[in-house]
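In: pasting the structure only:
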């Protein structure tokens, strides 16, 4: 595996994931100091030469999202002014991904703004995982020899289901219409049936009613989604499929945001377990909720970095999990 001229940096959002990715590549994290002044300004110092190097900066959109985004932008710009040959932002969870369209009067498309800021800072590539809306890839206006790449957690989810769940008596369930494509793709790969829940909202983050379309009676229902935030939707979806005769309900999501009372809601819900990937740190949440299990996606991101650096095809990762 050629990793010559690769420099991997990380901000403060998810250093554990960055260490796992670097270790998978047989590299050490490059030196950088990320500080916050007393007036809350972010200060970045790149601790080694990046001239004519292929730089990868790992920073997830989680925790103090605005601070972490600013860290990423400043680090990108610091590498640009230090004459890095190429700068790739590895953003496991893309910030502001849910603000991807103008859904009401005077609403901003903030995901587009984030894309513009990344490019203005000097980013030439983006590697991210399970974008909330695929159209975000079109928000990047970089030249044609540079690209935005969205990987999928789907292969890792499929591997988990095969290894931990009796697939002969399972059904894949999408908790909303927006996730139907993701859920049907997994159901097709596993040769399982698919069900869909239609939800009606009173307001943002508050669901009023759910209607199940499909058969879940006497089966293990596997809820599949891209993110779990307040977890109200997952809890109500679990209650809905359980009331329709499911013998067990579990959820597999890519981004375990788990904000507010999410852990308490999961503990009190009909879910037997919530499986999340480590695009976002979850160890503190796991102490409050023993139903949480994890899938490590560092091998996927490490392989994407290696293939990007070596100019190899990355499409293999869309359907296969690295071993």
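Out: All right, it came through fine. Predicted model only: the values in this text are computed from it and were never measured.

In: Domain parsing of the protein, as residue ranges.
Out: The chain is divided into the following domains under automatic domain parsing: 6-152+298-318, 154-295.

In: Take those domains and lay them out in JSON lines including mean neighbour count and mean pLDDT.
Out: C-beta here means a position set from N, CA and C on the backbone, and glycine is covered the same way. Converted to JSON lines, the domains of the chain look like this (neighbours: other Cβ atoms under 10 Å; pLDDT from 0 to 100):
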{"stretch": "domain 6-152+298-318", "mean neighbour count": "18", "mean pLDDT": "87"}
{"stretch": "domain 154-295", "mean neighbour count": "18", "mean pLDDT": "90"}
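
In: Need the nearest residue in space to residue 10, chain neighbours excluded.
Out: Excluding its sequence neighbours, the residue lying closest to residue 10 (Cβ to Cβ, 6 or more residues apart in numbering) is residue 18, at 3.5 Å.

In: Secondary structure element holding the one you found?
Out: Following DSSP states H and E, one finds residue 18 within helix 15-24.

In: Just name whatever secondary elements that helix is in contact with.
Out: strand 6-10, strand 54-58, helix 298-310 (3 or more Cβ pairs under 8 Å, 6 or more residues apart in numbering; DSSP states H and E).

In: Pairing partners for the second one, with directions?
Out: Meaning strand 54-58. strand 6-10 (parallel), strand 86-91 (parallel) (DSSP bridges).

In: Quick one: residues in contact with stretch 264-273.
Out: Identification of contacts with stretch 264-273 by Cβ atoms under 8 Å, 6 or more residues apart in numbering yields 223, 230-232, 234-235, 238-239, 242, 248-251, 258, 274, 288-293.

In: hmm, back to that, can I get the helices and strands packed on helix 15-24 in CSV including distance to residue 103?
Out: As requested, those are exported to CSV (distance: least, Cβ to Cβ, whole Å):
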stretch, distance to residue 103
strand 6-10, 34
strand 54-58, 31
helix 298-310, 31
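
In: out of those, which comes closest to residue 178?
Out: Proximity to residue 178, assessed across these by Cβ to Cβ, is greatest for helix 298-310 (22.9 Å).

In: Give the other helices and strands that the helix or strand where residue 253 lies contacts.
Out: Assigned by DSSP H and E, residue 253 belongs to strand 248-256. Applying 3+ Cβ pairs under 8 Å, 6+ apart, one finds that strand 248-256 contacts helix 154-164, strand 220-228, helix 232-243, strand 273-277.
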